[in-house]
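S.K.: after the sequence you'll find the predicted model.
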Amino acid sequence: MSTVADLPHISECSVAGCSYNSEHSCHAGAVTIAQSSGSTSCATFIPLGIKGGLDRVVAEVGACHRSNCTHNSSLECHASTVRIGAGPDDVTHAGCLTFETR
């Protein structure tokens, strides 16, 4: 990656309980993919009753903490697009569905 414009786009978010989700689109400026209890989670997930984020869909993956993912290089995601969906616990976690173990 050389610029922010090169970051992978969030192509889908199916986590209805996230404040940044609007009609299966992520409205956060960028998300962080983290490791939580062994799973791959979207650390930007916020289960609030208010909607957050930008007016238009521009969500990208800003950082990835899963160094064991095939798409990760220097803690940055190099997948062409990323899908976010229900994690192991639908209420408290959103997961990266694009994650692939090396």
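M.R.: Sure thing, it's come through. Numbering: from 1, shown residues only.
S.K.: contact partners for S36?
M.R.: Applying C-beta atoms under 8 Å, 6 or more residues apart in numbering to S36 gives the contacts A43, G87, H93. All C-beta spots, glycine's among them, are computed from the backbone N, C-alpha and C.
S.K.: redo these as JSON lines? Include pLDDT.
M.R.: Shown next, in JSON lines, are these (pLDDT from 0 to 100):
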{"residue": "A43", "pLDDT": "90"}
{"residue": "G87", "pLDDT": "70"}
{"residue": "H93", "pLDDT": "70"}
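S.K.: of those, which is the nearest to L75?
M.R.: A43 (12.9 Å; C-beta to C-beta).
S.K.: now do the closest one against E23, distance only.
M.R.: 22 Å (C-beta to C-beta, to the nearest Å).
S.K.: equivalent analysis for S41, please.
M.R.: Taking C-beta to C-beta, one finds S41 at 22 Å from E23.
S.K.: just the strands from this structure, written as ranges.
M.R.: 9-13, 21-22, 25-26, 30-36, 39-42, 60-64, 72-73, 76-77, 81-86, 94-96 (DSSP state E).
S.K.: how far is stretch 76-93 from where the chain is centred?
M.R.: 5 Å (C-alpha atoms, centre = their mean, to the nearest Å).
S.K.: what's the span of it, first residue to last?
M.R.: With C-alpha to C-alpha, to the nearest Å as the measure, stretch 76-93 spans 21 Å from end to end.
S.K.: I'd like the average pLDDT over stretch 18-38.
M.R.: The predicted model assigns stretch 18-38 a mean pLDDT of 87.
S.K.: buried stuff in that stretch?
M.R.: 18-22, 25-28, 31, 33-36 (16 or more other C-beta atoms under 10 Å).
S.K.: just name the closest of these to E100, please.
M.R.: So of those, ranked by how close each gets to E100 (C-beta to C-beta), first place is I33, at 12.4 Å.
S.K.: between the buried residues of stretch 18-38, which is closest to A79?
M.R.: Taking C-beta to C-beta as the measure, I33 is the one of those closest to A79, at 10.1 Å.
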